[in-house]
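Asker: Next come a sequence and a model predicted from it.
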Amino acid sequence: MERELNVLLINGSPHSKGCVVEALSEMTEVFEKEGIRTAVMQVGNRKIPGCVGCGWCGKHGKCVTDDLVNEAAPLFEKADGLVVGSPVYYGSPNGTLLSFLDRLFYSTSFSKQMKVGAAVVSCRRGGNTASFDALNKYFTISGMPVASSSYWNMVHGFDAQDVRKDLEGLETMRNLAYGMAFLIRAIEDAKETYGLPPFTHEKFTSFPDGK
């Protein structure tokens, strides 16, 4: 019996029916067609404090602040792919989302290697590529392949109604989801055939002697 594949989608907007949701909904429809299960988590409307660097997670396997981050951790561990969507605020992702991702990635010790990642941003006009780059960095430091599309993964509009008019943006979301589904299945097949590639995390360079 084949293992059920699944994707976790994070809505970093405070709005549950806003622009980001329009983009993520376009993707979930494709995932359902492709037989990939989805779970959507609303983050942007929650109170999520930032990391305080206490090191508690290194000893206990979860964040000292027991909130949505610890709820998301097992879903992330189980997921074959992660989609992170955010509105653009002053040329950057939502601060609440960044606090959430900082703690989620730092406090979880399970391997994220070969989980497929995709960032999605929504803006009225500008700041989209800077926000897109910031979100992708969570994936590229964690051994996660980054899914791409026919354009940068973004939609434009002031509200959800505007986004529904952004036909190119919605097409980009569909292409992203199809490509992500392909990558997830291909990686799953490759793991069965070849296993995962070597991935060590043993060295730590800090230059404490100043040389």
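Answerer: Here it is on my side, so go on. Numbering: from 1, shown residues only.

Asker: contacts and neighbour counts: CA atoms only from here.
Answerer: Will do.

Asker: Who are the packing partners of the host helix or strand of residue 191?
Answerer: Taking DSSP states H and E as the definition, one finds residue 191 inside helix 167-193. If you count contacts as 3 or more Cα pairs under 8 Å, 6 or more residues apart in numbering; DSSP states H and E, helix 167-193 packs onto helix 19-33, strand 116-123, strand 154-156, helix 160-165.

Asker: Mean pLDDT for those - can I get that in JSON lines?
Answerer: Converted to JSON lines, the helices and strands packed on helix 167-193 look like this (pLDDT from 0 to 100):
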{"stretch": "helix 19-33", "mean pLDDT": "98"}
{"stretch": "strand 116-123", "mean pLDDT": "98"}
{"stretch": "strand 154-156", "mean pLDDT": "97"}
{"stretch": "helix 160-165", "mean pLDDT": "97"}
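
Asker: For my notes, please list the ones you listed in a markdown table and give distance to residue 47 and mean neighbour count for each entry.
Answerer: Output for the helices and strands packed on helix 167-193, formatted as a markdown table (distance: least, Cα to Cα, whole Å; neighbours: other Cα atoms under 10 Å):
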| stretch | distance to residue 47 | mean neighbour count |
| --- | --- | --- |
| helix 19-33 | 19 | 21 |
| strand 116-123 | 21 | 27 |
| strand 154-156 | 25 | 27 |
| helix 160-165 | 24 | 17 |
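
Asker: Which one, of those, ends up nearest to residue 75?
Answerer: Ranking these by distance to residue 75, with Cα to Cα as the measure, places strand 116-123 first at 14.1 Å.

Asker: just how off-centre is that closest one within its chain?
Answerer: 7 Å (Cα atoms, centre = their mean, to the nearest Å).

Asker: packing partners for it?
Answerer: Strand 116-123 is packed against helix 19-33, strand 81-89, helix 128-140, strand 154-156, helix 167-193, with contacts defined by 3+ Cα pairs under 8 Å, 6+ apart.

Asker: quick one on the thing from earlier: okay, buried residues for the helix holding residue 191 please.
Answerer: Along helix 167-193, these residues count as buried under the neighbour rule (16 or more other Cα atoms under 10 Å): 168-178, 180-181, 183-184, 187-188.

Asker: looking at this, residue 3 is in a helix?
Answerer: No: under DSSP: H, G, I helix; E, B strand; the rest coil, residue 3 sits outside any helix and is assigned coil.

Asker: can you pull the contacts of the residue nearest to residue 91 when sequence neighbours are not counted?
Answerer: If the residues on either side of it in the chain are set aside, residue 91 comes closest to residue 127, at 3.9 Å by Cα to Cα, 6 or more residues apart in numbering. Counting by Cα atoms under 8 Å, 6 or more residues apart in numbering, residue 127 makes contact with 88, 89, 90, 91, 92.
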